[in-house]
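**Q** What follows is a predicted protein model with its sequence.
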Amino acid sequence: MLPIRIGIGHDTHRLTEGVAMLLGGVRIPCEFSLAGHSDADVLLHAVTDALLGAASLGDIGELYPDTVPENKERDSAEILTEVYRLVRKSGWIIVNLDCIIFAQNPKFGHHKLDIKLRIAEILDLASEQVNIKAKTGEKVGHIGRCEAVAAQCVALLTHPTEFRPRLLEMIAQADVAKSGDLP
Ligand SMILES: [Zn+2]
């Protein structure tokens, strides 16, 4: 089996009146803000959970509980950096991230590039390793009624020191099978 792992992250934060929100590490000026114990960066929380999931390291609530005072208004970019350090310590690195932001208002379409570049910067990735999509709530449900913003992320990880030998092993096995030596 090739050493690759997939993880999924999902998060929702309540929208309140405000002047700006942090999303994907980018400050978006708007008439809302996001409520939460930390800085409420719903997208970075989803990315963090996707990485933890793929590396089988638990979830953001276990590592950074909202009952701990130090986590109040904590910078989510700092949390994500720490988590990726943990993930790399266990031998895994990111292949790519695919993210979706769900928001009726504000609209994130024209912020997608800034968010993509910021997440790539936080994780020291090439920009093409990160993809950002933005969807509205079609004016229904908690997203559509502008009560919340949600985000999802899928992360693919690989184990670089194990990938090449495993791949060569699989190619060799396939060659043996092709030559008819297998029973
Ligand atoms: Zn969150």
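**A** Cool, the structure landed.
**Q** what does this protein have sitting close to the ion?
**A** Asp11, His45 (Cβ under 5 Å from the ion). Bear in mind the C-beta positions are built from the backbone N, C-alpha and C, glycine included.
**Q** Now for the chain: which helix has the highest residue count?
**A** With secondary structure taken from DSSP state H, the chain has its longest helix at helix 160-178.
**Q** Just the buried positions in that helix, please.
**A** Residues of helix 160-178 classed as buried: none (neighbour count, 16 or more other Cβ atoms under 10 Å).
**Q** Need the contact partners of it.
**A** Residues from elsewhere that reach helix 160-178 (Cβ atoms under 8 Å, 6 or more residues apart in numbering): Met1, Leu2, Pro3, Ile4, Gly91, Ile93, Leu182.
**Q** If we use 7 Å, what do you get?
**A** Leu2, Pro3, Gly91, Ile93, Leu182 (Cβ atoms under 7 Å, 6 or more residues apart in numbering).
**Q** cool, stretch 33-46 as well?
**A** Counting by Cβ under 7 Å, 6+ apart, 9-16, 18-25, 60, 66, 71-77, 80, 99, 101, 115, 149-153 sit against stretch 33-46.
**Q** same thing but at 6 Å, please
**A** 9-11, 13-14, 16, 18, 21-25, 60, 66, 71-76, 80, 101, 149, 151-153 (Cβ atoms under 6 Å, 6 or more residues apart in numbering).
**Q** which residues in the chain form helices?
**A** Going by DSSP H, the chain shows helices at 42-54, 60-63, 76-89, 112-123, 141-144, 160-178.
**Q** okay if I get those as CSV plus mean pLDDT?
**A** Converted to CSV, the helices of the chain look like this (pLDDT from 0 to 100):
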stretch, mean pLDDT
helix 42-54, 98
helix 60-63, 92
helix 76-89, 97
helix 112-123, 98
helix 141-144, 88
helix 160-178, 86
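**Q** Among the contacts of helix 160-178, find me the one that's closest to the ion.
**A** Ile93 (24.3 Å; Cβ to the ion).
**Q** Please name the bridge partners of that closest one.
**A** Beta-bridge pairing of Ile93, defined through DSSP bridges, involves Thr158.
**Q** what about it, how many neighbours?
**A** 15 (other Cβ atoms under 10 Å).
**Q** and what of the one 10 residues further on?
**A** Close neighbours of Ala103, defined as other Cβ under 10 Å, add up to 26.
**Q** Now the phi/psi pair for it, please.
**A** As for Ala103, its main-chain torsions (degrees, to the nearest 10) stand at phi -150, psi 130.
**Q** which residues does the closest residue to it other than its chain neighbours contact?
**A** Spatial nearest neighbour of Ala103, excluding adjacent residues (Cβ to Cβ, 6 or more residues apart in numbering): Val149 at 4.5 Å. By Cβ under 6 Å, 6+ apart, Val149 lies in contact with His13, Leu15, Val42, Ala103.
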